[in-house]
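Peer 1: Here is my input, please return the structure:
(chains A and B)
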Amino acid sequence: GESVGLHLPTLSVQEGDNSIINCAYSNSASDYFIWYKQESGKGPQFIIDIRSNMDKRQGQRVTVLLNKTVKHLSLQIAATQPGDSAVYFCAETPGTYKYIFGTGTRLKVLA
Amino acid sequence: KAGVTQTPRYLIKTRGQQVTLSCSPISGHRSVSWYQQTPGQGLQFLFEYFSETQRNKGNFPGRFSGRQFSNSRSEMNVSTLELGDSALYLCASRSNSDQETQYFGPGTRLLVL
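Peer 2: Residues are numbered from 1 along each chain as shown, chains lettered A, B, ... in the order given. The predicted model follows:
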């Protein structure tokens, strides 16, 4: 069936280093992708999105890369800070009104 | 603008009971979606409402139901609670487009004993 998956369930990085969180999606019809951040006790928070007609999009300290050839999405966080510690989800939209979320990657920032 | 709000934030019920959760979307947003989040299954889509009509539904049993009011506020109901219904229930809203970002509320944590 359709699925969105994450390769690394837990990622530990040193404060100040860059983080890369990966996501594989399975539906080639998906044309809109989103990254969310979820802190403990809170709902997912929108970070950045990208449409399928782009392969890169940058935000504040974050960059999303989309490789449609291999159906891969990544989130890069520059100069990772303690406040970046959270679970990160990718999501795809393979059809109208439909979102599929990945299982999430936990990012731990080490001081 | 105020964000998505959900009430109650925490709830404890016993097996067999029923529960109703409430969600108020961002002002102007007409679409409300509900998700169940558990450690084992992640975020799973329950259903989406738009203009008081359910327009998409996930693969959950009929014990899970919802509705939306004319002011876009939404409720979901779970009847005959089971232990496995213990989860974080998240509500998300977006304005109109099927490709606009969903904004999530803080969730209602339900514990079924």
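Peer 1: can you tell me which residues contact residue 110?
Peer 2: Went with chain A since none was named. A:S12, A:V13, A:Q14, A:E15 (CB atoms under 8 Å, 6 or more residues apart in numbering or on different chains). (Each C-beta comes from the backbone N, C-alpha and C, glycine too.)
Peer 1: ah, no, chain B please
Peer 2: Counting by CB under 8 Å, 6+ apart, B:L110 has contacts B:L11, B:I12, B:K13, B:V19, B:L21, B:V78, B:D85, B:S86, B:A87, B:L88, B:Y89.
Peer 1: Among those, name the ones in helices.
Peer 2: If you go by DSSP state H, the contacts of B:L110 have nothing in helices.
Peer 1: Now neighbour count and pLDDT too, for these, in TSV please.
Peer 2: What follows is the contacts of B:L110, written out as TSV (neighbours: other CB atoms under 10 Å in any protein chain shown; pLDDT from 0 to 100):
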residue	neighbour count	pLDDT
B:L11	15	96
B:I12	12	97
B:K13	16	97
B:V19	18	98
B:L21	21	98
B:V78	25	98
B:D85	20	97
B:S86	16	96
B:A87	21	95
B:L88	19	95
B:Y89	23	97
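Peer 1: Mind putting the residues you listed into a markdown table with distance to B:Q44?
Peer 2: Below are those laid out as a markdown table (distance: CB to CB, whole Å):
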| residue | distance to B:Q44 |
| --- | --- |
| B:L11 | 19 |
| B:I12 | 22 |
| B:K13 | 20 |
| B:V19 | 17 |
| B:L21 | 15 |
| B:V78 | 14 |
| B:D85 | 12 |
| B:S86 | 14 |
| B:A87 | 9 |
| B:L88 | 11 |
| B:Y89 | 10 |
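Peer 1: shaky segments in chain B?
Peer 2: Applying pLDDT under 70 to chain B picks out residues B:1, B:97-99.
Peer 1: all strands for chain B, in order.
Peer 2: B:5-7, B:10-13, B:19-24, B:31-38, B:42-50, B:53-57, B:64-68, B:74-78, B:87-94, B:103-104, B:108-112 (DSSP state E).
Peer 1: Strand partners (parallel or antiparallel) of the last one?
Peer 2: Yep, that's strand B:108-112 we're talking about. Counting by DSSP bridges, the strands paired with strand B:108-112 are strand B:10-13 (parallel), strand B:87-94 (antiparallel).
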